[in-house]
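give the three-dimensional model of this entry:
(one chain, ligands or ions: 1)
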Amino acid sequence: MTGIIIRNQTDADLAAVLTLVTAAYRGLPHASGTEPFIMDALWTSGGAVVALVAEDGTGLVGQGAFSVAHIFGKGTGWHVLGPLAVRPDRQRRGVGSALIRAGFDRLRAKGSAGCIVAGDPAYYQRFGFRRVPDLHVPGIPDPYVMALPFDDTLPSGAVDFHEAFAATEPVSN
Ligand SMILES: CC(C)(COP(=O)(O)OP(=O)(O)OC[C@H]1O[C@@H](n2cnc3c(N)ncnc32)[C@H](O)[C@@H]1OP(=O)(O)O)[C@@H](O)C(=O)NCCC(=O)NCCS
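Down below sits the predicted model:
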């Protein structure tokens, strides 16, 4: 991770962020192909409570976004991690981990109750994400739905992601 800085995303980063997200998710079995549209819609709508980029001398090498989780059940003040993407030629060097940990710091500073993610447990458990029995995201198999509380309260119920997650086409120019 030498020579890499993590900073807040700006409007000027958007085009490069979308290129990066497209490249990172391209061809992956778990990818929907809509990830750049989701990031575009999250950013453009102001739905990204925290949006971070990782940068080195070659430009952007990673990005991670956090948005509000609407929980129909128990739990307020929760956030959702995603999209999270590292440029293919910079993966497995700790960039994704650094983005997640920096995001947690910012969420904690904003009084967040914790973070929810839909993703591969083999990757996310190392950060403390765990399966919570009564937590569900419609359309996503339960084993991929995990939560990390910032205090000792766990959420339960159905989680609705930000409406940007339904985006199927670009919204910015
Ligand atoms: C997933 C992703 C963000 C991880 O970022 P990264 O910078 O490569 O990850 P880090 O260097 O912080 O962590 C590397 C570790 O994670 C593991 N890892 C990386 N991607 C993984 C995955 N998809 N599943 C399981 N483990 C994974 C590596 O094996 C490595 O483990 P090790 O340290 O025990 O060898 C990056 O690989 C990426 O952009 N992937 C494509 C987009 C994607 O799948 N995003 C997440 C969707 S939920």
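
please, which helix or strand holds F72?
Secondary structure assigned from DSSP states H and E places F72 in strand 70-74.

and what of A85?
A85 is located in strand 78-86, with elements delineated by DSSP H and E.

so which elements touch that strand?
Packing contacts for strand 78-86, counted by 3 or more CB pairs under 8 Å, 6 or more residues apart in numbering; DSSP states H and E, involve helix 14-25, helix 35-45, strand 48-56, strand 59-68, helix 95-109, strand 114-118. All C-beta atoms are positioned from the backbone trio N, CA, C, and that covers glycine.

tabulate those in a markdown table, adding columns for distance to P141.
Shown next, in a markdown table, are the helices and strands packed on strand 78-86 (distance: least, CB to CB, whole Å):
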| stretch | distance to P141 |
| --- | --- |
| helix 14-25 | 18 |
| helix 35-45 | 18 |
| strand 48-56 | 25 |
| strand 59-68 | 21 |
| helix 95-109 | 22 |
| strand 114-118 | 9 |
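
for G3, find the nearest of these.
strand 48-56 (5.1 Å; CB to CB).

quick one, that closest one and strand 59-68 angle?
For strand 48-56 against strand 59-68, the angle by axes from the mean of the first three to the mean of the last three CA atoms, to 10 degrees is 160 degrees.

just the angle between strand 48-56 and helix 14-25, please?
Interaxial angle, strand 48-56 versus helix 14-25 (the same axes, to 10 degrees): 80 degrees.

what's in contact with strand 48-56?
Here strand 48-56 makes contact (CB atoms under 8 Å, 6 or more residues apart in numbering) with 3-9, 13, 17, 42-43, 60-68, 79, 86, 90, 95, 98-99, 102-103, 106-107, 110.

what's the angle from it to helix 35-45?
Calculated by the same axes, to 10 degrees, strand 48-56 forms an angle of 120 degrees with helix 35-45.

tell me which strands strand 48-56 pairs with, and in which orientation.
strand 5-8 (antiparallel), strand 59-68 (antiparallel) (DSSP bridges).

export the strand holding A85 as PDB, just CAs?
Taking Å, rounded to 0.1, in the frame of the first residue of the first chain, the C-alpha atoms of strand 78-86 are listed here in PDB:
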ATOM      1  CA  TRP A  78     -27.200   1.500   9.400                       C
ATOM      2  CA  HIS A  79     -25.300   1.800   6.200                       C
ATOM      3  CA  VAL A  80     -24.600  -0.400   3.200                       C
ATOM      4  CA  LEU A  81     -21.200  -1.000   1.700                       C
ATOM      5  CA  GLY A  82     -21.100  -1.000  -2.100                       C
ATOM      6  CA  PRO A  83     -20.000  -0.800  -4.800                       C
ATOM      7  CA  LEU A  84     -16.400  -1.600  -3.800                       C
ATOM      8  CA  ALA A  85     -13.900  -2.000  -6.600                       C
ATOM      9  CA  VAL A  86     -10.200  -2.100  -7.100                       C
END
